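1. turn this into a structure:
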Amino acid sequence: MTVATEKITYQAFREMNFPEDDTAIYELLNGVLVKKSAPSLQHQRAVRNLFRALDKFVESSKFGEVLFAPMGVKFDDYNVLQPDLFFVSNTRKNILKEEGGYVDGAPDMIIEVLSPGSIKRDRMEKKSLYAEHGVPEYWIVDPLNRSVEVYKLVENQYVLDQFVEFEEEISSSVLPGFKIKLIEIMNA
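-> Got it, this is the predicted structure:
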């Protein structure tokens, strides 16, 4: 039996047809089609709470735009991911492609909220890819352990900048002045 080893390109990924009743989110990671499982209620609440806080801050400061999945972020021809949340500054707004409805390049900040099926991918594969493509700040939100890790890009590698748990406050170097308490993210 022959196993296909050819990587899928961005163009082939865009041309794929999925059944209309298929509500899954798909990503292209290193040329491999990855089906993301449906997020938990806890995951969605964390995403919602973070989006509300980030969007309010970004809108009032006019720093750029906060977007969320499902929105494809194309890093290269073999990597098109759908981060839970991401921020694109005004200085990088040229990566927002209205025609085609995707982002062509690395956002200024990416936030992934862990789900049981995404832990390895978010902590290893995506983290490595985001660093390789120059995403300045990467947050990993862990609803199960009620913690947040904030990584800053230093010489093309992520360095842990903050590890927050309990009721501690998280801040962002990409969004100066933005702060949020962990309890605000994790509460319904």
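
2. quick one, what contacts the residue nearest the centre of the chain?
-> When C-alpha atoms, centre = their mean is applied to the chain, the residue found nearest the centroid is Pro83 (2.5 Å). Pro83 makes contacts with Phe68, Ala69, Val73, Pro107, Ile110, Ile111, Glu112, Lys126, as judged by C-beta atoms under 8 Å, 6 or more residues apart in numbering. Yep, even glycine has a C-beta here, placed from its N, CA and C like the rest.

3. ok, and the most crowded of the residues you listed?
-> Pro107 (29 neighbours; other C-beta atoms under 10 Å).

4. quick check on that residue: phi, psi?
-> The phi/psi pair for Pro107 (degrees, to the nearest 10) reads phi -70, psi 170.

5. name the nearest residue to it, sequence neighbours excluded.
-> Phe86 (4.1 Å; C-beta to C-beta, 6 or more residues apart in numbering).

6. wait, that neighbour sits on Glu112?
-> No. Judged on C-beta atoms under 8 Å, Phe86 makes no contact with Glu112 at a distance of 9.5 Å.

7. quick one on the thing from earlier: which one of the contacts of Pro83 is nearest to Pro39?
-> Of all the contacts of Pro83, Pro39 sits closest to Ala69, with 9.0 Å by C-beta to C-beta.

8. just the pLDDT for the residue nearest to the centre of the chain.
-> For Pro83, the pLDDT comes out at 96.

9. need the contact partners of the lengthiest helix in the chain.
-> When the chain is parsed with DSSP state H, its longest helix is helix 41-61. The contact list for helix 41-61, computed with C-beta under 8 Å, 6+ apart, reads 39, 63-66, 68, 84-85, 87, 111, 113-115, 141, 143-144, 175, 177-178, 180, 184-188.

10. I'm done for today, thanks for sticking with me.
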